[in-house]
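Asker: need the 3D shape of this:
(one chain, ligands or ions: 1)
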Amino acid sequence: MKNKIIVTGGCGYIGSHTVIELIENDFEVVIFDDLSNSTEKTISRIHKITGVKPTFIKVDLKNQEATSKAFEAHKDTLGVIHFAAHKAVGESVEKPLMYYKNNLYSLLNVLESQNENNINNFIFSSSATVYGTPNTLPITEKNETQRPFSPYGNTKKIAEEILDDFTKSSQDFSAISLRYFNPIGAHESGEIGELPNGIPNNLMPYITQTAAGVRDKLMVYGNDYPTKDGTPIRDYIHVVDLAKAHVLAVKRLLKKEQETALEYFNLGTGLGYSVLDVIKTFEKVTESKLNYEITDRRDGDVPQLYASTDLAKEKLGWSADRALEEMISSSWTWEQNLRNETK
Ligand code: WQD
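Answerer: Next up is the predicted model:
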């Protein structure tokens with residue numbers, strides 16, 4: 001009998017990479033996904049990579065009855081990794097109620113169903129955006145959180161506050177909130193990767209789509225920041241490194257090693273790269289010239305964000321292994337496979 005884990009949003013970008021790592025660590029995985037921002041094709045791609053076809057249940061987690069029914073069918077689950085959420089910063093500014101409803105109703109229904117079925121381990125997909133504009137760098141988990149700029153980011157901060165209250169109220173429930181910095185890259189197989197809906201918000205998919213001719217040119221949002229080359233600095237982390245951290249977090253909870261009912265860990269590399277660093281590295285890795293233009297700043301962008309990774313190293317025994325070049329080359333391979341597929 002394998003340890004069973006439910007992965008909500010497991011057909012998505014980070015979710016699918018995490019499902020692969022769970023399977024390769026001999027967990028049985030059940031994916032709950034509403035396919036609103038992903039495709040069921042991901043299930044067969046996971047099957048192709050791992051030789052295992054995870055159980056998939058299409059479910060709208062905003063619907064309490066449907067969520068309860070889905071959990072009822074898998075009450076022998078040991079824990080949940082909760083990725084399911086809308087995550088486009090720009091869209092969240094235009095449609096805040098859709099974001100608060102989707103991201104928070106889903107969370108509340110999952111927690112309630114876990115409570116009903118005595119499933120007491122929970123891993124939350126959070127974001128460095130909860131730190132707002134950091135007053136110290138690198139950012140540690142002790143940095144105060146601030147009101148994030150976007151409704152998307154605020155759903156992550158509110159979710160962590162909900163978890164704080166819920167874990168305090170329950171004798172047995174434990175949770176770990178993983179605060180991602182900037183996930184990029186794709187699985188080495190080239191079979192799965194980021195599938196942004198419409199025009200990408202994020203830098204990496206916009207770069208690869210520009211290089212693939214899907215977009216005309218990359219707009220670089222400002223080069224007048226107080227950084228080495230004027231463009232903002234971020235802590236880019238390979239999605240496979242990120243996925244591996246989730247498996248270690250699950251193991252920490254299952255072995256009841258956590259020290260408090262709710263723990264937070266930054267997931268980054270501890271290195272910061274500017275937008276121009278990423279562009280130059282892309283050009284070097286792909287031996288091509290990228291068409292880009294410097295334009296005005298984007299609202300809400302902060303000059304620098306990079307992680308202290310000491311706590312994840314100490315408590316999860318985790319650190320990121322993959323360098324920026326591999327993040328970029330795997331992103332490019334995935335983009336090219338995607339374009340060939342759609343031909
Ligand atoms: C990175 C840098 C932009 C696009 C957000 C969320 C975070 C996480 C990742 C959601 C910035 C610049 C970007 C473009 C550009 N979660 N840029 N031209 O904003 O650091 O983080 O996404 O997935 O919670 O806040 O990531 O990739 O959007 O931007 O110049 O077309 O690239 O200004 O400096 P960000 P990003």
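
Asker: name the residues of the stretch 151-300 of the chain found near the ligand, please.
Answerer: 153, 182, 201-203, 206, 218-221, 232, 234, 275, 298 (CB under 6 Å from any ligand atom). C-beta: built from backbone N, CA, C; applies to glycine.

Asker: would you turn the residues you listed into CSV with neighbour count?
Answerer: Listed next are these as CSV, based on neighbours: other CB atoms under 10 Å:
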residue, neighbour count
Gly153, 25
Asn182, 23
Asn201, 17
Asn202, 15
Leu203, 20
Tyr206, 19
Leu218, 21
Met219, 15
Val220, 20
Tyr221, 17
Pro232, 25
Arg234, 24
Val275, 25
Arg298, 14
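
Asker: so where's the chain uncertain?
Answerer: 343 (pLDDT under 70).

Asker: which stretches of it form helices?
Answerer: With DSSP state H, the ranges of helices along the chain come out as 13-24, 41-50, 64-72, 89-94, 96-100, 106-117, 151-169, 203-211, 239-254, 275-286, 310-316, 324-342.

Asker: buried residues of the fourth one, list them for me.
Answerer: Judged by neighbour count (16 or more other CB atoms under 10 Å), helix 89-94 contains these buried residues: Val89, Glu91, Ser92.

Asker: doesn't Gly300 make contact with the first one?
Answerer: I take that to be Val89. Yes - if you go by CB atoms under 8 Å, Val89 and Gly300 touch, sitting 7.0 Å apart.

Asker: residues that sit against both of the two, list them.
Answerer: Common contacts of Val89 and Gly300 (CB atoms under 8 Å, 6 or more residues apart in numbering): Phe149, Ser150.

Asker: excluding covalently adjacent residues, which one is nearest to Ala73?
Answerer: Distances taken as CB to CB, 6 or more residues apart in numbering put Ile57 closest to Ala73, at 7.5 Å, once the chain neighbours are dropped.

Asker: count the neighbours of that neighbour for me.
Answerer: 18 (other CB atoms under 10 Å).

Asker: what does Glu161 give?
Answerer: Neighbour tally, Glu161, other CB under 10 Å: 11.

Asker: please apply the same query to Lys255.
Answerer: For Lys255, using other CB under 10 Å, the count is 8.

Asker: from the ligand, how far out is it?
Answerer: 29 Å (CB to the nearest ligand atom, to the nearest Å).

Asker: show me the contacts for that residue.
Answerer: No contacts exist for Lys255 under CB under 8 Å, 6+ apart.

Asker: can I get the helices of the chain in a markdown table including distance to Ala175?
Answerer: Below are those laid out as a markdown table (distance: least, CB to CB, whole Å):
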| stretch | distance to Ala175 |
| --- | --- |
| helix 13-24 | 16 |
| helix 41-50 | 25 |
| helix 64-72 | 16 |
| helix 89-94 | 23 |
| helix 96-100 | 20 |
| helix 106-117 | 9 |
| helix 151-169 | 5 |
| helix 203-211 | 29 |
| helix 239-254 | 8 |
| helix 275-286 | 33 |
| helix 310-316 | 14 |
| helix 324-342 | 28 |
